[in-house]
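Undergrad: below is the structure, and that's it, no one-letter string:
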């Protein structure tokens, strides 16, 4: 059950994303299913407890687990106009409620079969539930640390189904030795079950259910890459779970699509005027779009990337134009761990690009992390980070306020025109101890002739007014309710970005 629960979050990510809501739906639906299964299993155990019944339960659980592989048939047909919370609950329930309910029947039937002496009921029940807990621990560790990254979610689900079906066959055969007539009936049932397994295997193969939609599945993301026409040119699109994370042009690394990348490019040009060679660090690699941009325009610069997922780096090298002989140095580890070390050098520019969809690594938003970033910057160094928020702007207010506790100057740059009316806005926050020469940005652009940062940056008065619009929180390692701040934005979203 724990294997299916962990797989649930990953297998649904391409359709409903990964967020607090996703895991709430998964845990809630599976608990509901197991609760119903415990109740029904107890009723069945009191009336018909037998190894044959236990075998039938395992066989049914195996078949229902295999049905999870039909996720594409369901996920791709969910109406995009439905509220995201409703889509999460319906998809989770359709895939995992029945398997968890049937698996919930196993414990009460097992207890009924094991208890022969009422005087030992407590110890027997205790051993059964202890064994179940050990199994849950092994399943959790094996799946989270190894199985998903080794085999992928679809193969893991199929393996679970096969194990359950084999167990079902063993218990079923063990319980069918009562009389010859009944044995004939039971063998017929078993034969039908085996034919069902064979038919299910054939169906899974022909329908492609054993093949993941992902180019690569890792412990962090379902990574997908496809091509798209953008501004009359073909670019490769990196999708992490369900969010478009970057657009990469294989023949022109200087092509930037997102507004926040234009802000990053102009801030980089600003820093490069007085820092030769420029030393830059990117927190998060994604499609390596901006590191490749910097490598092309500032070839003498030192460019380092901290990317937690080695799979993302691998895909960038194989599919997104990151050269094997690149001068970009990559560190595959959590940025918090990287920045916790004593600075080996100071970076003139640190850019943050580690936030994915509405699932924000909160430990990279806190005052404690900002202080570590501050330690790696010189007096005139810049820390740029992009984030997503909605009309309530709870997150951008909290993040701006938190940065102000560490840095002397914080600038807010909406990366979307008409941002006050938009239901979903990307902001770039620029933190530094030296005030920006905003007049200098009037002559700086990202190669498109447009002075984006100069036009979009909020004045300090406008920033203060933004902070005064509502409650302003301070994000710390002990208090960082980022998911809750973004929940209203998540609920209002009607289609994939």
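TA: That came in fine, so what should we check first? Everything quoted here is computed from the prediction, not taken from an experiment.
Undergrad: these two touch, right, residue 370 and residue 431?
TA: Yes. If you go by Cβ atoms under 8 Å, residue 370 and residue 431 touch, sitting 7.4 Å apart. Just so you know, the C-beta spots here come from the backbone N, C-alpha and C atoms, and that holds for glycine as well.
Undergrad: who's more crowded, these two?
TA: Using other Cβ atoms under 10 Å as the criterion, residue 370 and residue 431 rank with residue 431 on top: 26 against 23.
Undergrad: which residues of this structure score low on pLDDT?
TA: The chain contains residues with pLDDT under 70 at 176-211, 356-358, 491-497.
Undergrad: show me where it has strands.
TA: 216-217, 222-230, 233-240, 243-248, 279-283, 302-306, 329-331, 349-352, 382-389, 409-414, 425-432 (DSSP state E).
Undergrad: break this protein down into its domains, please.
TA: For the chain, the structural domains run 2-213, 222-492, going by automatic domain parsing.
Undergrad: tell me, what's touching residue 370 and residue 431 both at once?
TA: 383, 403, 406-407 (Cβ atoms under 8 Å, 6 or more residues apart in numbering).
Undergrad: out of these, which is nearest to residue 307?
TA: residue 383 (17.8 Å; Cβ to Cβ).
Undergrad: tell me the contacts of that closest one?
TA: Applying Cβ under 8 Å, 6+ apart to residue 383 gives the contacts 350, 352, 370, 373-374, 377, 403, 407, 430-432.
Undergrad: using TSV, lay out those together with distance to residue 99.
TA: Compiled in TSV, the contacts of residue 383 are given as follows (distance: Cβ to Cβ, whole Å):
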residue	distance to residue 99
350	45
352	39
370	44
373	44
374	49
377	51
403	45
407	50
430	49
431	48
432	53
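Undergrad: name the nearest of the residues you listed relative to residue 21.
TA: Checking the contacts of residue 383 one by one against residue 21 (Cβ to Cβ), the nearest turns out to be residue 352, at 23.7 Å.
Undergrad: my guess is that closest one meets residue 386, correct?
TA: Yes. Counting by Cβ under 8 Å, residue 352 touches residue 386, with 6.8 Å between them.
Undergrad: how distant is stretch 147-158 from the center of its chain?
TA: Centre-to-centre, stretch 147-158 and its host chain are 16 Å apart (Cα atoms, centre = their mean, to the nearest Å).
Undergrad: so what does the longest helix along the chain touch, helix or strand wise?
TA: Using DSSP state H, we find that the single longest helix of the chain is helix 20-48. Applying 3 or more Cβ pairs under 8 Å, 6 or more residues apart in numbering; DSSP states H and E, we find helix 20-48 packed against helix 2-16, helix 51-67, helix 84-92, helix 98-104, helix 106-114, helix 482-492.
Undergrad: list the contacts of the shortest one.
TA: The reference is to helix 98-104. So helix 98-104 is contacted by 1, 4, 29-30, 32-38, 40-41, 57, 60-61, 64-65, 67-68 (Cβ under 8 Å, 6+ apart).
Undergrad: what does the fifth one give?
TA: The contact list for helix 106-114, computed with Cβ under 8 Å, 6+ apart, reads 37-38, 41-42, 44-46, 49-51, 53-54, 57-58, 61, 124-125, 128-129, 132.
Undergrad: picking up where we left off before, so which of the helices and strands packed on helix 20-48 is nearest residue 152?
TA: helix 2-16 (9.1 Å).
Undergrad: from the contact counts, what lies against that closest one?
TA: helix 20-48, helix 71-75, helix 84-92, helix 121-142, helix 148-151, helix 153-174, strand 222-230.
Undergrad: dump these to JSON lines, plus distance to residue 336 and mean neighbour count.
TA: As requested, the helices and strands packed on helix 2-16 are arranged in JSON lines below (distance: least, Cβ to Cβ, whole Å; neighbours: other Cβ atoms under 10 Å):
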{"stretch": "helix 20-48", "distance to residue 336": "20", "mean neighbour count": "18"}
{"stretch": "helix 71-75", "distance to residue 336": "32", "mean neighbour count": "18"}
{"stretch": "helix 84-92", "distance to residue 336": "28", "mean neighbour count": "20"}
{"stretch": "helix 121-142", "distance to residue 336": "22", "mean neighbour count": "13"}
{"stretch": "helix 148-151", "distance to residue 336": "21", "mean neighbour count": "17"}
{"stretch": "helix 153-174", "distance to residue 336": "27", "mean neighbour count": "20"}
{"stretch": "strand 222-230", "distance to residue 336": "22", "mean neighbour count": "16"}
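Undergrad: quick one: which of those is nearest residue 472?
TA: Nearest to residue 472, of the helices and strands packed on helix 2-16 and by Cβ to Cβ, is helix 20-48 at 21.5 Å.
Undergrad: tell me the angle the closest one makes with helix 51-67.
TA: 160 degrees (axes from the mean of the first three to the mean of the last three Cα atoms, to 10 degrees).
Undergrad: ok now helix 20-48, how far from the chain's centre?
TA: Using Cα atoms, centre = their mean, the offset of helix 20-48 from its chain centre is 25 Å.
Undergrad: begin at 37 from now on, thanks
TA: In the new count, where the first residue is 37, that last one comes out as helix 56-84.
Undergrad: got the angle for it vs helix 518-528?
TA: 90 degrees.
Undergrad: what's the local residue count around residue 94?
TA: By other Cβ under 10 Å, 25 other residues sit near residue 94.
Undergrad: please name the nearest non-neighbouring residue to it.
TA: residue 204 (3.3 Å; Cβ to Cβ, 6 or more residues apart in numbering).
Undergrad: give me every residue that touches the one you found.
TA: 91-98, 229.
Undergrad: next: residue 505.
TA: 429, 433.
Undergrad: distance of it relative to residue 432?
TA: Counting by Cβ to Cβ, to the nearest Å, the separation of residue 505 from residue 432 is 10 Å.
Undergrad: quick check: residue 132 vs residue 301, distance?
TA: Taking Cβ to Cβ, one finds residue 132 at 44 Å from residue 301.
Undergrad: brain fart, residue 275
TA: 23 Å.
Undergrad: quick check: residue 347 vs residue 372, distance?
TA: Using Cβ to Cβ, we find residue 347 at a distance of 19 Å from residue 372.
Undergrad: and the helices in the stretch 387-533 of the chain?
TA: Counting by DSSP state H, counting those that start in this stretch, one finds helices in the stretch 387-533 of the chain at the ranges 403-411, 430-440, 488-492, 496-503, 518-528.
Undergrad: just put the ones you listed in TSV and tack on distance to residue 289.
TA: Converted to TSV, the helices of the stretch 387-533 of the chain look like this (distance: least, Cβ to Cβ, whole Å):
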stretch	distance to residue 289
helix 403-411	26
helix 430-440	29
helix 488-492	19
helix 496-503	33
helix 518-528	31
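Undergrad: could you say which of those helices is packed most deeply?
TA: helix 430-440 (a mean of 23; mean count of other Cβ atoms under 10 Å).
Undergrad: helices or strands up against that one?
TA: Against helix 430-440 (3+ Cβ pairs under 8 Å, 6+ apart) you get helix 403-411, strand 418-425, strand 445-450, strand 461-468, helix 496-503, helix 518-528.
Undergrad: now do that helix and strand 461-468, the angle between them.
TA: Using the same axes, to 10 degrees: helix 430-440 against strand 461-468 is 0 degrees.
Undergrad: give me the residues contacting helix 430-440.
TA: 396, 401-403, 406, 419, 421, 423-425, 446, 448, 463, 465, 467, 499, 502-503, 505-512, 518, 521-522, 524.
Undergrad: which residues touch the spatially closest residue to residue 470 that is not a sequence neighbour?
TA: Take residue 470 and drop its neighbours on the chain: the residue closest to it by Cβ to Cβ, 6+ apart is residue 416, 4.2 Å away. Under the criterion of Cβ under 8 Å, 6+ apart, the contact list for residue 416 reads 310, 384, 468-470.
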